[in-house]
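>>> got a sequence here, can you model it:
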Amino acid sequence: MGIFSRARDIIQANVNDLLDRAEDPAKTIRLVIMEMEETLVEVRASAARTIADQKEMRRTILKLEHAQAGWAEKAELALSKDREDLAAAALMEKQKVGQTAAMLTAEMEALDEQLRAHEDDISKLEAKLREARSRQNALMARLETAQNRARVRAMTRGARVEEAFSRFELIERRVDMAEGQAEAYDLAPVQKSLEEEISELRATDAVAAELAELKARLKSRP
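Numbers count the residues shown, from 1 in each chain. Prediction:
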């Protein structure tokens, strides 16, 4: 497909219709944008070549105009010397140069029309490209939102979440058991060892002896 026919197809294409028919809208819009960008580059390159051809053609036409003026002067010189034959030959060359200049001028007009078509195509392609990029941004934002919602729903309603909460409950049960065991030690009296009981007896005897001695001293006072 040539540059111009492809550019016309892109310009006439409706981005929304392309997306509606696409199985993968995100991929389709990327491909559309790539095609537009490539075509835009090619059309601009073709326009640049047309401008270059116009400049070269103008220089050629200017040279031909100078050549026409030169042959006219030569014809006048030949007539002034009574050389009608040379004057006629010079005018013949002037006519040939004039025909070439006229042909190039007609080609210049065709190039002008072609360049205007390039400018129109470039303007429309740029507008289509802006539209496609805007659609791409909106589409990608919607796609990202949908993916995030899907991930959130999968996390809140999925089997993995239920399994995780089941594990939490199991861990809480284990913690309850550990706390219960610690609290159970506080409920039962501590079993004293034989050495501790004998030491308490000795301490009781010592206190009783000291108490008896204190009573005796108080009684002996006047």
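
>>> was I right to think residue 132 contacts residue 31?
No: Residue 132 is not in contact with residue 31 according to C-beta atoms under 8 Å; the separation is 10.2 Å. For glycine as for every other residue, the C-beta is placed from the backbone atoms N, C-alpha and C.

>>> which one of the two is surrounded by more residues?
The neighbour comparison of residue 132 against residue 31 (other C-beta atoms under 10 Å) goes to residue 132, with 23 against 13.

>>> which elements pack onto the helix or strand where the more buried one lies?
In the assignment (DSSP states H and E), residue 132 maps to helix 84-157. Applying 3 or more C-beta pairs under 8 Å, 6 or more residues apart in numbering; DSSP states H and E, we find helix 84-157 packed against helix 3-12, helix 15-21, helix 25-80.

>>> report pLDDT for residue 173.
Residue 173 is assigned a predicted lDDT (pLDDT) of 76.

>>> repeat for the one 3 residues further on
Looking at residue 176, its pLDDT reads 75.

>>> next one: the one 4 residues further on
pLDDT, residue 180: 73.

>>> is it in a helix, a strand, or coil?
Judged by DSSP: H, G, I helix; E, B strand; the rest coil, the three-state class of residue 180 is helix.

>>> residue 82 too?
Three-state call for residue 82 (three-state DSSP): coil.

>>> state the pLDDT value of the one residue sitting closest to the centre of the chain.
Per C-alpha atoms, centre = their mean, the C-alpha nearest to the average position across the chain is that of residue 137, at 8.3 Å. Note on residue 137: pLDDT of 83.

>>> mind putting the helices and strands packed on helix 84-157 in CSV, distance to residue 172 and mean pLDDT included?
Shown next, in CSV, are those (distance: least, C-beta to C-beta, whole Å; pLDDT from 0 to 100):
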stretch, distance to residue 172, mean pLDDT
helix 3-12, 63, 56
helix 15-21, 51, 63
helix 25-80, 44, 89
